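Trainee: Just need the structure, nothing else, for what follows:
(one chain, ligands or ions: 1)
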Amino acid sequence: MRSHLLNDTTAELYRSSVSEGVERVAAKLATTTRPFTGVTPDALAPTIDAVDLDRPLHDTIAVLDELEDVYLRDAVYFHHPRYLAHLNCPVVIPAVLGEAILSAVNSSLDTWDQSAGGTLIERKLIDWTAGRIGLGPAADGVFTSGGSQSNLQALLLARQEAKTEDLAKLRIFASEVSHFSVKKSATLLGLDAKAVVSVPVDKDKRMQTVVLAAELERCREDGLVPMAVVATAGTTDFGSIDPLPEIAELCAQYSTWMHVDAAYGCGLLVSPKNRDRLTGIERADSVTVDYHKSFFQPVSSSAVLVRDGATLRHATYHAEYLNPRRTVAERIPNQVDKSLQTTRRFDALKLWMTLRVMGADGIGNLFDEVCDLAREGWELLAADPRFDVVVEPSLSTLVYRYIPAAVTDPAEIDRANLYARKALFASGDAVVAGTKVGERQYLKFTLLNPETTLADISAVLDLIAGHAEQYLGESLDRAS
Ligand SMILES: Cc1ncc(COP(=O)(O)O)c(C=O)c1O
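Mentor: Purely as a prediction, here's the structure:
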């Protein structure tokens, strides 16, 4: 069994095994004609159940053959131009190469003695990102597993910096369409069940700062403490960007921590055309960026950045075996002092490879392309009487609903849209997402693939209309 350990004696097996795996994926990518096969859990489960994990095949080729059945054939392929659903991007090749390298070398980014150059590479990328945001000379940060963890860490720092130790008094203000990780973080941080104050949004799904101001004032009058305002730069459902300059003003006025959740909108940091949409982000105390959403990086790749690096001390604990206090005096750099994690992947390498091969503009241009596509898609939808489209896109998301001329019952229209989404998924022809606007059921495109064309969007809309019509026709039959 030692022959499977990756070391000096097995370099050749490593090369051939990985090449064979790469070969299979490359063949799959080249021949995949739909983003999904439409397989159901019931249909796939027996194939996976049939695998006896206590009876290994002892043969990489045989396992790759088996993988075709248990995974590769039915995986959801984000690289396909008709995958239009969630915030998953197609990935760039330099980052995939980085992924292969980082898992083989397997550095752990907690301490210098487990990563050496990796520590410095991550630090340089953190400085680079903080520079793009404009956080100033004391900024710092750390890579995390994703936006949820970045938001949690930012809010942990905000809680520790708040002007009371009475957790019951702390309040966080976030828009009603902010990501649910804000509420989850509040729970994890031991805050009151009412700690997250939901601020309404305007017609463009941006936080209403007039209401935020009133809520902050009310908080003060009630003897409570505003711990943080979470501004979202790219909401999950609409891609809307909260008014960052106004929110920054209010945070300054109420001495409140400003966190910007730019998990989605961070792609604008490298945009040659649209960087100005993030104006005001430079005033944040902390920022979440998900490179695995709009920098075309494989999962996972995220970071939390802070204006004042000293605040990261709230995540610092010392262990004799790992990061004893004396290493601080010895000026040996480590990242574990800044992180919620201990053992941690060298995800930064993927971004490093990407920037070194493609450059920041290369990534930004790709993101600009999908933002342009969303605008064209919005015009297409707005001109199509079969659809109602909400919110002109600030990023690359379109939320719309099929509205048949002959049907007036909104609940029936909800059902037709839900049916259309499911039927489309089952066909595998395209994958779209859904959400609610008010009480009504809508459909959603999250456009992150520059290979998607307006013709793809138009074709998928026709498919949706067809499925919805079929549902309504059958529903009429049922009624008569
Ligand atoms: C605005 C926003 N914040 C945070 C997150 C959570 O990020 P992750 O899924 O990487 O944990 C998401 C995920 O979609 C998001 O859209």
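Trainee: Please make it C-alpha for all contacts and neighbour counts, starting now.
Mentor: OK.
Trainee: low pLDDT regions in this structure?
Mentor: The model of the chain has pLDDT under 70 over residues 480.
Trainee: and Thr311, how many neighbours does it have?
Mentor: 22 (other C-alpha atoms under 10 Å).
Trainee: Disregarding residues adjacent in the polypeptide, which is nearest to it?
Mentor: Leu157 (6.4 Å; C-alpha to C-alpha, 6 or more residues apart in numbering).
Trainee: From what I see, the one you found and Gly309 are in contact.
Mentor: No - between Leu157 and Gly309 there is no contact under C-alpha atoms under 8 Å: 10.7 Å.
Trainee: so where does the residue most central in space within the chain fall, helix or strand?
Mentor: Against the mean C-alpha coordinate of the chain, by C-alpha atoms, centre = their mean, the closest residue is Lys293 at 4.4 Å. Using DSSP states H and E, Lys293 sits within helix 291-294.
Trainee: who's more crowded, Leu157 and Gly309?
Mentor: Leu157 (22 against 16).
Trainee: Pro393 reaches Phe238, doesn't it?
Mentor: Yes - counting by C-alpha under 8 Å, Pro393 touches Phe238, with 7.3 Å between them.
Trainee: gap between Leu340 and Met1?
Mentor: Separation of Leu340 from Met1 (C-alpha to C-alpha, to the nearest Å): 35 Å.
Trainee: quick one: stretch 147-155 near the ligand?
Mentor: Yes - Stretch 147-155 comes into contact with the ligand (C-alpha under 6 Å from any ligand atom), by way of Gly147, Ser148.
Trainee: Send me that stretch as PDB with only the CA atoms.
Mentor: Output in PDB follows, covering the C-alpha atoms of stretch 147-155 (Å, rounded to 0.1, in the frame of the first residue of the first chain):
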ATOM      1  CA  GLY A 147     -18.300  34.100   2.200                       C
ATOM      2  CA  SER A 148     -20.100  32.600   5.200                       C
ATOM      3  CA  GLN A 149     -16.900  32.200   7.100                       C
ATOM      4  CA  SER A 150     -15.600  35.600   6.100                       C
ATOM      5  CA  ASN A 151     -18.900  37.300   7.300                       C
ATOM      6  CA  LEU A 152     -18.700  35.300  10.600                       C
ATOM      7  CA  GLN A 153     -15.100  36.400  11.200                       C
ATOM      8  CA  ALA A 154     -15.900  40.100  10.300                       C
ATOM      9  CA  LEU A 155     -18.800  40.100  12.700                       C
END
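Trainee: related to what we said a few turns ago, between Leu340 and Met1, which one's more packed in?
Mentor: Leu340 (20 against 5).
Trainee: Surely the more buried one is in a strand?
Mentor: No - per DSSP: H, G, I helix; E, B strand; the rest coil, Leu340 lies outside any strand segment and is coil.
Trainee: who's in contact with the closest residue to it other than its chain neighbours?
Mentor: Spatially, and ignoring its direct neighbours in sequence, Leu340 is nearest to Ala315 (6.3 Å; C-alpha to C-alpha, 6+ apart). Shown in contact with Ala315 (C-alpha atoms under 8 Å, 6 or more residues apart in numbering): Leu157, Asp337, Lys338, Ser339, Leu340.
Trainee: Contacts only, for the residue in the stretch 301-450 of the chain that the ligand sits nearest to.
Mentor: In the stretch 301-450 of the chain, the residue that lies nearest the ligand is Ser302 (7.0 Å; C-alpha to the nearest ligand atom). When contacts are counted by C-alpha under 8 Å, 6+ apart, Ser302 touches Phe143, Thr144, Ser145, Gly146, Gly147, Ser150, Ala263, Thr288, Val289, Asp290, Tyr291, His292.
Trainee: what's the distance between the residue nearest to it when sequence neighbours are not counted and the ligand?
Mentor: Nearest non-adjacent residue to Ser302, counting by C-alpha to C-alpha, 6+ apart: Asp290, 4.2 Å away. From Asp290 across to the ligand, the span is 6 Å (C-alpha to the nearest ligand atom, to the nearest Å).
Trainee: how about the contacts of Ala315 in TSV, adding distance to Ala455?
Mentor: Compiled in TSV, these are given as follows (distance: C-alpha to C-alpha, whole Å):
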residue	distance to Ala455
Leu157	46
Asp337	50
Lys338	47
Ser339	45
Leu340	45
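Trainee: Which two among the residues you listed are spaced furthest apart?
Mentor: Across those, the longest distance by C-alpha to C-alpha is 13.3 Å; it joins Leu157 and Asp337.
Trainee: Between those two, which contacts overlap?
Mentor: Leu312, Ala315.
Trainee: Please put the alpha-carbon coordinates of stretch 407-416 into CSV.
Mentor: The C-alpha trace of stretch 407-416 is given here as CSV (Å, rounded to 0.1, in the frame of the first residue of the first chain):
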residue,chain,number,x,y,z
VAL,A,407,-54.0,33.7,-16.5
THR,A,408,-54.7,36.2,-13.8
ASP,A,409,-54.5,34.1,-10.6
PRO,A,410,-51.0,34.9,-9.2
ALA,A,411,-50.9,31.6,-7.3
GLU,A,412,-51.4,29.7,-10.5
ILE,A,413,-48.7,31.8,-12.2
ASP,A,414,-46.4,30.9,-9.2
ARG,A,415,-47.1,27.2,-9.8
ALA,A,416,-46.4,27.6,-13.5
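Trainee: Just the buried positions in it, please.
Mentor: Ile413, Asp414, Arg415, Ala416 (16 or more other C-alpha atoms under 10 Å).
Trainee: Going by distance to Asp384, which of those wins?
Mentor: Scanning the buried residues of stretch 407-416 for proximity to Asp384, where the rule is C-alpha to C-alpha, the winner is Ile413, at 16.6 Å.
Trainee: That closest one: which element?
Mentor: Per DSSP H and E: helix 410-427 holds Ile413.
Trainee: Which other helices and strands does that helix contact?
Mentor: The helices and strands touching helix 410-427, judged by 3 or more C-alpha pairs under 8 Å, 6 or more residues apart in numbering; DSSP states H and E, are strand 397-402, strand 433-437, strand 440-446, helix 454-479.
Trainee: can you pull the buried residues of the last one?
Mentor: Meaning helix 454-479. Those would be Asp456, Ile457, Val460, Leu461, Leu463, Ile464, Ala465, His467, Ala468, Glu469, Tyr471, Leu472, for helix 454-479 by 16+ other C-alpha under 10 Å.
Trainee: One more: the first one?
Mentor: Residues of strand 397-402 classed as buried: Thr397, Leu398, Val399, Tyr400, Arg401, Tyr402 (neighbour count, 16+ other C-alpha under 10 Å).
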